[in-house]
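> my questions are about this predicted structure, shown below with the sequence.
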Amino acid sequence: MNAPTTPPRSATAGAAADHGDNNFDLVRLIAALQVVMVHFVSMIPGLRDDTWLRTLSILPGVPIFFFVSGYLITGSWLRQPALSVYVASRALRIFPALWLSCLFTLLMLVIFYTDPLLDHASMVLVWLLMQSSILQAWNPEFLRGYATGVANPALWTIAVELCFYVALPLLVMLGQRLRRLRTVLVGAGVVSFVVFCLVFRGLDDPTQAPFAHKLMIVSPASFVTWLWMFVLGALAQTESARLIRFVANRFAWFAILALAVGLLSLHVDLPPWLHLPGNEIGLANAVTLGLAALSLAHSYPGLAQRWLRGHDLSYGTYLFHMPVANAVIAAGLQGWPGAVVAGAGTFAAALASWCLVERKALRLKGRLVAKFSRRSWVFERKWAAR
């Protein structure tokens, strides 16, 4: 009765075997590159081009991140519903690289923004603590004079993602207790989608209510606004066997569908069903993007492994591109030369982050998972008893 329980061997083995063939690392990298290009084109002086921005916005990266995260993290929890394993896995994936990026950002500030930094030394410590935890949306006034005015504006999604990680086990356990997992997920998604619609209808102009805009769009509390995108991925995971059969090896068709919906959204604005540009996409955009992401992940087996050679550069690319771009701007580089330097610097920083920090953290995660999974956990016993 008290014997240790672990996830079924077939499920664990299947997940492990599938990882070498799927292309989720490539999907995430493409999403990260979309964010990078949008930020470079919109923020590097002399490079802004509205036509380029509209074109790049057809397949927005952040909603893809949220969907894929919901899909993969839900699968991870369902395979091994042990809270200690879950917390350790999520923390080791998020925080080591995040802390490295915060130190890198601080180094760039020391080099390019020395005097204001020294004048506000105590505030810098508070800012660094918030950047490395869950309050990345807070930006002190003295940083407004540095480059784009925000040291690393991409980090708002980290706090949102961490809130997703907290919400997911609660939603899944409630759904399992009620024997209505999909119903609970759909309910959470509908509530979030309603909040999303109300927020973006009432906060079209952030200058009219800056605090409310920050609270509901980029602060940790804004996870309620974005949760429905994560829940779409979680729901996809609960039907993963059928969905994979449906989308596998059909990427061209689903890519065309997502592109068609995106192009239509640029000309026909019908919120909340069709809407672009930006991350506040319509429901049809989100669904077609999610299907295209899943299709790419399960088409062309082994493509990510052949192209990336096991190097998952997506997270590092996302974390480091704006600190690098801000340093380039502060150094006075503009236009395409600035973009090329920023792109090369981002790649170098992402590769260093992967090789020096992220890969080692993931190895440690593997050892912790193996250690914890030998023990008997209440959540695992409940899952095994279903």
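Good, I have the coordinates. Please read all numbers here as calculations on a predicted model, not as lab measurements. Numbering: from 1, shown residues only.
> quick one: contacts for residue 49?
residue 41 (CB atoms under 8 Å, 6 or more residues apart in numbering). No exception for glycine: its C-beta is placed from N, CA and C like everyone else's.
> what mean pLDDT does whatever helix or strand residue 321 lives in get?
Using DSSP states H and E, residue 321 falls within helix 314-330. Mean per-residue pLDDT for helix 314-330: 97.
> after it, which helix or strand is next?
Following helix 314-330 toward the C-terminus (DSSP H and E): helix 335-353.
> quick check: angle from that next one to helix 314-330?
Relative orientation of helix 335-353 versus helix 314-330 (axes from the mean of the first three to the mean of the last three CA atoms, to 10 degrees): 140 degrees.
> ok, the spatially most central residue of the chain - contacts?
The residue lying closest to the centre of the chain (CA atoms, centre = their mean) is residue 65, at 4.0 Å. Taking CB under 8 Å, 6+ apart, we find residue 65 in contact with 28, 31, 32, 157, 161, 318.
> just residue 343 next, same as before
By CB under 8 Å, 6+ apart, residue 343 lies in contact with 36, 40.
> again, but for the one 4 residues further on
Under the criterion of CB under 8 Å, 6+ apart, the neighbours of residue 347 are 313, 317.
> what's the pLDDT at it?
With respect to pLDDT, residue 347 has a value of 98.
> distance of it from residue 304?
Taking CB to CB, to the nearest Å as the measure, residue 347 falls 17 Å from residue 304.
> the strands in this structure, which residues?
With DSSP state E as the criterion, the chain has no strands.
> run through the residues that contact residue 244.
Taking CB under 8 Å, 6+ apart, one finds 294, 298 in contact with residue 244.
> and it, what pLDDT?
96.
> can you check which helix is longest in this protein?
helix 83-112 (DSSP state H).
> just checking, what packs against that one?
Secondary-structure packing of helix 83-112 (3 or more CB pairs under 8 Å, 6 or more residues apart in numbering; DSSP states H and E): helix 61-79, helix 121-131, helix 156-177, helix 314-330, helix 335-353, helix 359-372.
> how far does it sit from its chain's centre?
14 Å (CA atoms, centre = their mean, to the nearest Å).
> go on, stretch 246-261?
Taking mean C-alpha positions (CA atoms, centre = their mean), stretch 246-261 and its chain are 22 Å apart.
> just the C-alpha atoms of that stretch, please, in PDB.
Only the C-alpha atoms of stretch 246-261 are listed here, as PDB (Å, rounded to 0.1, in the frame of the first residue of the first chain):
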ATOM      1  CA  PHE A 246      -4.300  14.900 -37.000                       C
ATOM      2  CA  VAL A 247      -1.400  17.400 -37.400                       C
ATOM      3  CA  ALA A 248       1.700  15.100 -37.900                       C
ATOM      4  CA  ASN A 249       3.400  15.500 -41.200                       C
ATOM      5  CA  ARG A 250       1.000  18.200 -42.400                       C
ATOM      6  CA  PHE A 251       2.900  21.300 -41.400                       C
ATOM      7  CA  ALA A 252       2.600  22.900 -44.800                       C
ATOM      8  CA  TRP A 253      -1.200  22.900 -44.600                       C
ATOM      9  CA  PHE A 254      -1.300  24.200 -41.100                       C
ATOM     10  CA  ALA A 255       1.300  26.900 -41.800                       C
ATOM     11  CA  ILE A 256      -0.800  28.100 -44.700                       C
ATOM     12  CA  LEU A 257      -3.900  28.100 -42.500                       C
ATOM     13  CA  ALA A 258      -2.100  30.200 -39.800                       C
ATOM     14  CA  LEU A 259      -0.700  32.600 -42.400                       C
ATOM     15  CA  ALA A 260      -4.100  33.000 -44.000                       C
ATOM     16  CA  VAL A 261      -5.800  33.800 -40.700                       C
END
